[in-house]
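1. give me coordinates for this.
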Amino acid sequence: MSSCSRTKAQRSARCRRNNNGLSSSPAKIVADLDDVLLHILSFLPIKTLIRCKRVSKHWRSLITDPNFSNRIISSKHPLPISGFYLQGKRKGIQIRLSRRRNHPTPLIVVQSTNGLLLGLCTCPTNQFDRNYYVYNPTTKHKTLLPPVTMSDHVSLSLAFDPSQSPHYKVFCLRKTTNSSFYFASDLYYLEVYSSNEGPWRRVVSVPSFPLPPTVNKLGNTVFWNGAVLWFGPNTRDCLSFDINLEKIKTLPLPFPDHQEPTDVGTLRFMDQSRGNLYFIEVNDQSSSDLPVYEMDRNGSTWSLKYHVDLEPVAAAFPEMVMPDYNTDRWIYAFSVIGFVKGEMDAESYIVLHIPEKAVKYNFIDKTFEKLCSFEPSQDDGVDNFYGSRRSFQFIESLANV
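-> The predicted structure follows:
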């Protein structure tokens, strides 16, 4: 054997020995290299990680592994808001739901929770024929939920906290009629679908219950602090269901100056950002004061957190002031797109939708700026700008669906 061959063989043998003098297998060496690679990848933005999946099949398998996505979520929790979906009354988000066929209607987003969307598609020939999906807009992956019987269906809500579990749950609030010879009353119960357990099942720990008289017309929903919240357009309280304790209760909502909520002309918005729950209730569209309430982390008390002064915003963007022909007065035409809680309080802001524009308003220093412009739409009446325009958070995530 030549000296050159002996040198290569000795060097190779040394490379396969660890500090204890024991031999390392090629699989162990590759595993060690993967650990280093995963550590490096964990510092990359989500969009960059999506592109890195194209490098090789091996990289794709590493990045799409649930353990890696959980590692990313843990290191970057809470995940920052990257943007918002803005949805009109009759328009949804067009998403390709199948490689073999497209659903005939767009996906109507119902809720956004920590990077996942809950949405539905209706059949044009039968509005009661609905398909519900859980969709990750970052990875473009989706799951069709088991069919939901529409006869007693009231509202669905998505619960997903990636810091606690890689699995999500969807809760369905259903209605049944409790009838007797003397009276008939509506009772409600819950069913749950789990991404790791499968089909719908009754939440047996929550008996059938009547809605409190201060809760009605449920439809909007938020997942916050381990609880699903359902609220309506003119209710004094919302339903709160703790998904871990499996207990349901009513949560009072704040009202400015002890005003009663009304069906017409009421702006109502509730959402969470970075673990904080916010609520807006305004009954006077001519008022330039927009109060923002924040819930404490115990989920028991609201406090007035911010005031948004609409007058300087309207001075800069006069198109947001419109005449109200029903009351013969001038009113502010806008809707709330969302809240963004910054790492520091000075970085927190609200995004407002005014005619053809989105405006960012900083809570602390009261500064504001135009974020973007929208194309003019036939829907751009005052009714579409005051509290009726739906919006949902977009958060980049590698969560599996």
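2. so what touches whatever helix or strand Val351 lives in?
-> In the assignment (DSSP states H and E), Val351 maps to strand 349-354. Strand 349-354 is contacted by residues 84, 86, 292, 306, 308, 313, 317, 319-320, 333-340, 342, 358-363, 371, 385, 389, 391 when judged by Cβ atoms under 8 Å, 6 or more residues apart in numbering. The C-beta positions use only the backbone N, C-alpha and C, and glycine is treated the same way.
3. Asp324 and Trp330 touch, don't they?
-> Yes: assessed by Cβ atoms under 8 Å, Asp324 is found in contact with Trp330 at 7.2 Å.
4. overlap in contacts, the two.
-> With Cβ under 8 Å, 6+ apart, Asp324 and Trp330 have common neighbours Ser286.
5. picking up where we left off before, show me which of the contacts of strand 349-354 are buried.
-> Taking 16 or more other Cβ atoms under 10 Å as the criterion, what is buried in the contacts of strand 349-354 is 84, 86, 292, 306, 308, 313, 317, 320, 333-340, 358-363, 385, 389, 391.
6. can you confirm Phe392 is in a strand?
-> Yes: membership of Phe392 in a strand is supported by DSSP: H, G, I helix; E, B strand; the rest coil.
7. and Thr266, what pLDDT?
-> We have a pLDDT of 69 for Thr266.
8. burial check on Leu245, number of neighbours?
-> 10 (other Cβ atoms under 10 Å).
9. now it: phi and psi?
-> phi -80, psi -20 (degrees, to the nearest 10).
10. quick one: pLDDT of it?
-> pLDDT recorded at Leu245 is 91.
11. and for the one 10 residues further on?
-> The per-residue pLDDT reported for Phe255 equals 66.
12. helices along the protein, start to end?
-> 3-15, 26-41, 46-52, 57-63, 66-76, 310-316, 382-385 (DSSP state H).
13. domains of this protein?
-> For the chain, the structural domains run 22-74, 83-253, 256-391, going by automatic domain parsing.
14. please work out the average pLDDT along the strand holding Val351.
-> Rounded mean pLDDT across strand 349-354 is 92.
15. quick one: distance of that strand to the chain centre.
-> 17 Å (Cα atoms, centre = their mean, to the nearest Å).
16. just the CA coordinates for that strand, please, in PDB.
-> The C-alpha coordinates for strand 349-354 follow below in PDB (Å, rounded to 0.1, in the frame of the first residue of the first chain):
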ATOM      1  CA  TYR A 349     -51.200  50.900  16.100                       C
ATOM      2  CA  ILE A 350     -54.600  50.400  14.500                       C
ATOM      3  CA  VAL A 351     -55.400  50.000  10.800                       C
ATOM      4  CA  LEU A 352     -58.500  51.800   9.500                       C
ATOM      5  CA  HIS A 353     -60.200  51.400   6.100                       C
ATOM      6  CA  ILE A 354     -61.500  54.600   4.700                       C
END
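17. test my guess that Gln87 contacts Ser335.
-> No: Gln87 lies out of contact with Ser335 (Cβ under 8 Å); the separation is 11.1 Å.
18. residue contacts, the residue nearest to Thr235 when sequence neighbours are not counted?
-> Nearest residue to Thr235 in three dimensions, chain neighbours excluded: Val215, at 4.9 Å (Cβ to Cβ, 6 or more residues apart in numbering). By Cβ under 8 Å, 6+ apart, Val215 lies in contact with Phe231, Gly232, Thr235, Arg236, Asp237, Cys238, Leu239, Thr250.
19. quick one: Val215 and Ser240, what's the gap?
-> 11 Å (Cβ to Cβ, to the nearest Å).
20. with Phe209 instead?
-> Taking Cβ to Cβ, one finds Phe209 at 13 Å from Ser240.
21. check Thr149 too.
-> For Thr149 relative to Ser240 (Cβ to Cβ), the value is 25 Å.
22. looking at these two, which is more packed in?
-> Remark: of Thr149 and Ser240, Ser240 carries more neighbours, 19 against 11, as counted by other Cβ under 10 Å.
23. burial of Ile63, as a residue count?
-> Neighbour number of Ile63 under other Cβ under 10 Å is 20.
24. same check, this time on Asp284
-> Neighbour number of Asp284 under other Cβ under 10 Å is 16.
25. the residue lying closest to Pro199 once chain neighbours are set aside and Trp200: what is the separation?
-> The shortest distance from Pro199 to any non-neighbouring residue, by Cβ to Cβ, 6+ apart, is to Pro146 (5.4 Å). Here Pro146 is placed at a distance of 6 Å from Trp200 (Cβ to Cβ).
26. and the strands in the stretch 301-401 of the chain?
-> Shown for the stretch 301-401 of the chain, the strands assigned by DSSP state E, counting those that start in this stretch span residues 302-309, 321-324, 329-332, 335-340, 349-354, 357-362, 368-373, 390-394.
27. the ones you listed: which one's closest to Leu118?
-> strand 390-394 (9.4 Å; Cβ to Cβ).
28. mind listing what the closest one pairs with, with the direction of each?
-> Strand 390-394 sits in its sheet next to strand 83-87 (antiparallel), going by DSSP bridges.
29. now the strand it pairs with: how far from the chain's centre is it?
-> 11 Å.
30. buried residues in stretch 347-366?
-> Quick answer for stretch 347-366 (16+ other Cβ under 10 Å): 348-355, 357-363.
31. list the residues that contact the closest residue to Lys47 other than its chain neighbours.
-> Counting by Cβ to Cβ, 6+ apart, Lys47 lies nearest to Glu396, which is 6.6 Å off, once chain neighbours are set aside. Listed by Cβ under 8 Å, 6+ apart, the contact partners of Glu396 are Pro45, Ile46, Lys47, Leu79, Ser82, Gly115, Thr138.
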